[in-house]
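1. Test case, fold it:
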Amino acid sequence: MRTTLDLPEDLLKEAMKVSHQRSKTATIITALQDLVRKNRLQQLKAFKGKVDLDIDMDSLRKRA
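-> Numbering: from 1, shown residues only. Presented below is the predicted three-dimensional model:
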């Protein structure tokens with residue numbers, strides 16, 4: 001998809017440098033993927049302590 005963006009040049013250059021990307025497109029794709037990944041991790045962390053798993057680790061270890 002083609003999109004026209006007005007981005008701060010210095011910010012884009014710094015992002016290209018720290019992400020080791022050669023193109024602006026690759027830099028933006030990498031940044032968006034990272035944003036989505038971090039958001040998904042945050043959503044998973046919200047479940048911490050809320051899921052009750054009734055698992056007996058000793059019986060699982062003996063099964064293998």
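
2. in which helix or strand would I find the residue most central in space within the chain?
-> For the chain, R37 is the residue whose C-alpha lies nearest the centre (C-alpha atoms, centre = their mean; 2.0 Å). When elements are assigned from DSSP states H and E, R37 belongs to helix 24-45.

3. Can you list the low-confidence ranges for the chain?
-> Scanning the chain with the threshold set as pLDDT under 70 gives 63-64.

4. Not counting its neighbours along the chain, what's nearest R22?
-> Spatially, and ignoring its direct neighbours in sequence, R22 is nearest to M16 (7.5 Å; C-beta to C-beta, 6 or more residues apart in numbering). C-beta here means a position set from N, CA and C on the backbone, and glycine is covered the same way.

5. my read: that neighbour touches T27, true?
-> Yes: between M16 and T27 there is a contact at 4.7 Å, judged by C-beta atoms under 8 Å.

6. So between the two, which is more surrounded?
-> With neighbours defined as other C-beta atoms under 10 Å, M16 and T27 compare such that T27 has more, 21 against 17.

7. SS state for the closest residue to the more buried one other than its chain neighbours?
-> Distances taken as C-beta to C-beta, 6+ apart place Q21 nearest to T27, at 4.2 Å, with adjacent residues excluded. Classification of Q21 by DSSP: H, G, I helix; E, B strand; the rest coil places it in coil.

8. Who are the contact partners of L44?
-> Residues in contact with L44 (C-beta atoms under 8 Å, 6 or more residues apart in numbering): none are found.
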